[in-house]
Each structure stands twice: as structure tokens, then as C-alpha cells.
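*Asks:* below are the sequence and a predicted model for it; my questions follow.
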Amino acid sequence: MPNDSITIKGLEEVSGMLRRLGKSATAVIRKGLKAGGAVVRTTERSEAPRRTGKLARSITVKGVRGGKGRTVIGVFPRTQVFEKGKYYPAMVIHGHPVGKKHRVMVPPNEFPARAFSSSGRTAAEAATKTILSEIDKLIKS
């Protein structure tokens with residue numbers, strides 16, 4: 001599985017500039033990262049298997065708890081959508097046994113990894129572009 005994260009260098013300097021302008025740095029960075037996550041979400045939805053379409057529709061971009069001083073955005077399926085088969089997304093992504101004695105294994109469908117590897121660079125560019133446009137808005141106002 002490829003590296004499932006994007007690191008944008010220079011965000012410390014951007015944070016300092018934003019503090020001087022009076023805007024919360026995390027709000028601007030989060031908005032940019034969500035724009036990048038939306039690019040990955042679109043690709044992931046197109047890569048997702050289509051049986052009923054529920055799995056593809058459930059894929060969302062959400063802020064997740066990061067470490068100290070880190071802003072983290074995740075792109076993953078919501079499990080609340082699946083009533084009885086709540087673990088359906090995990091079963092599709094990681095594979096699962098079937099049959100009476102669980103001898104046959106359904107292979108994993110790693111569509112999130114494929115989507116990230118194909119659109120990761122575009123997502124980083126979209127995030128950077130959004131962060132820079134937000135900074136420009138702050139400077140002009």
C-alpha cells in the first residue's frame with residue numbers, strides 16, 4: 001500500500017503570517033486540506049465498487065484528531081449509512097471469509113489506496129492553491 005499521507009512543507013511560516021494578519025491559521029489550513037480531500041473523495045467515489053452505490057455515496061471528507069500542532073483531514077466511508085451490514089466498507093476494503101466453514105476468502109478491494117495514489121498530487125496542488133487564495137483574501141481585506 002502506498003504512503004497514505006501528504007505533507008505540505010512551509011506551513012509553519014504560513015501560520016506565522018496568518019497570526020500576524022489576525023486569522024486563525026488552523027482554519028485556513030483546514031479549508032485548504034478539505035479542498036484537497038475533496039479531490040481524493042471524488043476519485044475514491046469513482047473507484048468504489050458499485051453494487052447499490054451506497055458505499056460510494058457514503059465516502060466523506062472529515063477532520064480527524066491529529067497530534068500536537070497538526071491538522072489532519074481524512075477521506076473515508078461513513079459507517080452510519082449501513083444499517084444491518086455496518087462493517088460492509090471494512091469488509092470490502094480488507095476482504096472477508098465466506099462460506100459455511102469460512103474457507104473461501106473474498107480478496108480485498110483497495111480502492112482507497114488506488115484513488116489516493118492516482119489523485120494525491122492533484123489533491124496537494126488543490127490544497128496549496130486554496131490556502132494561497134485564502135491568504136490573498138486576507139491580505140486584500
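*Replies:* Here it is on my side, so go on.
*Asks:* which elements pack onto the longest helix belonging to the chain?
*Replies:* Using DSSP state H, we find that the single longest helix of the chain is helix 111-140. Applying 3 or more CB pairs under 8 Å, 6 or more residues apart in numbering; DSSP states H and E, we find helix 111-140 packed against helix 11-21, helix 25-47, strand 72-77. From N, CA and C alone the C-beta is placed, and that goes for glycine too.
*Asks:* nearest to residue 112, out of these?
*Replies:* Residue 112 lies closest to helix 25-47 among the helices and strands packed on helix 111-140, at 5.7 Å (CB to CB).
*Asks:* now do that closest one, average pLDDT.
*Replies:* Averaging pLDDT along helix 25-47 yields 90.
*Asks:* same check, this time on stretch 106-120
*Replies:* The model assigns stretch 106-120 a mean pLDDT of 92.
*Asks:* roughly how far out does that stretch sit from the chain middle?
*Replies:* 12 Å (CA atoms, centre = their mean, to the nearest Å).
*Asks:* same deal with stretch 64-76?
*Replies:* On CA atoms, centre = their mean, the centre of stretch 64-76 falls 10 Å from the chain's centre.
*Asks:* check the separation of the first and last residues in that stretch.
*Replies:* 11 Å (CA to CA, to the nearest Å).
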